[in-house]
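Student: build the 3D model from these lines:
(3 chains)
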Amino acid sequence: MPRVVLGAAFVPGGVVRALGAVLPVRAPTLPERVSFAITSSVKIPPAHLLLDWYDRHRRVLPWRSGPGQSADPYHVWLSEIMLQQTTVKAVGPYYHRFLEKFPTVQDLASAERDAVLAAWAGLGYYSRARNLHACAQQVVALGGFPHTVEGLLTLPGIGAYTAAAVAAIAFGVPVVPVDGNVERITARLFAIEAPLPAARKTLAQLGAQLNEGKAAQARPSDFAQALFDLGASLCAPRSPACGVCPWQGHCAGQKTGLAPSLPRRTPKAVKPVRYGVHFLVVDEAAQVLLRKRPETGLLAAMTELPGTEWRTTPWPQAEALRHAPVPADWQPCGTVKHVFTHFTLEVSVFAAQVKRFSNQAGQVGFLAPVGQVASLSLPSVMMKCLKAGLKTLEG
DNA sequence: GAGACGTGGCG
DNA sequence: TCGCCAAGTCT
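Tutor: Numbering: from 1, shown residues only, chains lettered A, B, ... in the order given. This is a model prediction of the structure:
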């Protein structure tokens, strides 16, 4: 039976707590408050218990092949990119839409970048879409997806996790993709109390050893996905169902009662608030004035309603209106609140109707039929602004 | 290593 | 209402 050795255990208040054992994980240099504990050894839980559970409870997902069937690398890769920091439920419609528009990696590679961005609109983390497109072109140039972790790692948008996931799921390479699920499962299995994100490296090294043993080595794809399913159901972040877990009795977190509180996380900094103003103007032909955001930074290259910069102080109405894209009878439409990863945005929305756009509008951006825009291709924050403006104009 | 980078759902 | 979190990557 393989044994895991741990490097470090987090010790609050300097109290040493016994946990893992030491080993392939080199003890990192830590702050003084954090002590190290070398402890009893921990065993890798039997993979066959998880695989048996998976065979009975596996989720049916659009990108998964049936039991025993080999997965399509394009489908696996596309789903893995979409699923980064994104829920299965949110991905579903986008995944189907993408395969309709871009049935093969060749179709995706030869598509316009803006068509890919438009299809991604609303899903978030838009660098994923730009990297997706670039990656597709590299894959086509290479004649197909690399079959190895190292090869996959050279592609844009593919990091350590995704390389391992595609290698394991599409090509049967015996590696463990360490994502948030596997981090959580690992932290619980070995009762790792060191908080994320500092403990990420330790958890990754431990998690990578979970497939030691014959059962897991024989089914790399299923083992990886079994870990995802366990993490998404029984070993969920809140209220884990340890009582029915296939690894019950092999889990230090369950034995100690710490499981529900693991993994621990270092408290996050408070989010600052930023303020912006955006304008919706519609002509009698029901066209709206839009513009393209800069190629880099937040919502890079995405479409937006014209507006101001997003600054740390609110915009008084008089000042806001000086930034209107065209002269018009602007009506206040209230504020839209939107939470980004690292700040909260409050947008004051103004709306106006004009008979027709003057040449001046062409300097601001471009026109698009409002009905077409409302159906897609705007990031969510801009969709909120659009709706707020339309509500005022219609009401 | 820390910060940038979206969004929707849930308790 | 609000904070937390989800199949991370890049700089």
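Student: for DNA strand B, what's the nearest residue on the stretch 51-200 of chain A?
Tutor: Using Cβ to the nearest atom of the strand, residue A:124 is the residue of the stretch 51-200 of chain A that sits closest to DNA strand B, at 2.6 Å. The way it works is simple: take the backbone N, C-alpha and C, and place the C-beta from them, glycine included.
Student: who's in contact with that residue?
Tutor: With contacts defined as Cβ atoms under 8 Å, 6 or more residues apart in numbering, residue A:124 is in contact with A:85, A:86, A:379, A:380.
Student: can you redo those residues as TSV with neighbour count and secondary structure?
Tutor: Shown next, in TSV, are those (neighbours: other Cβ atoms under 10 Å; DSSP: H, G, I helix; E, B strand; the rest coil):
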residue	neighbour count	secondary structure
A:85	11	coil
A:86	15	coil
A:379	22	coil
A:380	13	helix
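Student: now, the most widely separated pair of these?
Tutor: The most widely separated members of these are A:85 and A:379, with 15.5 Å between them, by Cβ to Cβ.
Student: contacting DNA strand B as well, which ones from the contacts of residue A:124?
Tutor: A:85, A:86, A:379, A:380 (Cβ under 7 Å from any atom of the strand).
Student: just the pLDDT for the third one.
Tutor: It refers to residue A:379. Note for residue A:379: predicted pLDDT of 97.
Student: same deal with the first one?
Tutor: pLDDT for residue A:85: 97.
Student: burial measure for the residue lying closest to residue A:216 once chain neighbours are set aside, as a count.
Tutor: Counting by Cβ to Cβ, 6 or more residues apart in numbering, residue A:47 is the residue found nearest to residue A:216 once chain neighbours are left out, at 3.6 Å. A count of nearby residues for residue A:47, using other Cβ atoms under 10 Å, gives 23.
Student: next one: residue A:47 from residue A:168, what distance?
Tutor: Distance, residue A:47 to residue A:168, by Cβ to Cβ, to the nearest Å: 13 Å.
Student: which neighbours do these two have in common?
Tutor: residue A:223.
Student: and the gap between the residue nearest the centre of chain A and residue A:162?
Tutor: Nearest to the mean C-alpha position of chain A, by Cα atoms, centre = their mean, lies residue A:85 at 1.8 Å. Residue A:85 sits at a distance of 12 Å from residue A:162 (criterion: Cβ to Cβ).
Student: how many neighbours does the residue of the stretch 201-350 of chain A found nearest DNA strand C have?
Tutor: Using Cβ to the nearest atom of the strand, the closest approach of the stretch 201-350 of chain A to DNA strand C is made by residue A:237 at 3.2 Å. Neighbourhood size, residue A:237 [other Cβ under 10 Å]: 13.
Student: which strand or helix spans the closest residue to it other than its chain neighbours?
Tutor: In this structure, residue A:237 finds its nearest non-sequential neighbour in residue A:184, 6.5 Å apart by Cβ to Cβ, 6+ apart. In this structure, residue A:184 sits in helix A:180-189 according to DSSP states H and E.
Student: the helix or strand following that helix close to DNA strand C?
Tutor: Next helix or strand after helix A:180-189 toward the C-terminus (DSSP H and E): helix A:200-207. No: Helix A:200-207 lies out of reach of DNA strand C by Cβ under 7 Å from any atom of the strand, never closer than 8.5 Å.
Student: after helix A:200-207, next one along is what?
Tutor: Next along from helix A:200-207, by DSSP H and E: helix A:214-218.
Student: picking up where we left off before, who are the packing partners of the helix holding residue A:184?
Tutor: Packing contacts for helix A:180-189, counted by 3 or more Cβ pairs under 8 Å, 6 or more residues apart in numbering; DSSP states H and E, involve helix A:200-207, helix A:220-232, helix A:252-256.
Student: quick one: these as CSV, columns for distance to residue A:367, mean neighbour count and mean pLDDT too.
Tutor: What follows is the helices and strands packed on helix A:180-189, written out as CSV (distance: least, Cβ to Cβ, whole Å; neighbours: other Cβ atoms under 10 Å; pLDDT from 0 to 100):
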stretch, distance to residue A:367, mean neighbour count, mean pLDDT
helix A:200-207, 47, 21, 95
helix A:220-232, 44, 22, 97
helix A:252-256, 57, 19, 96
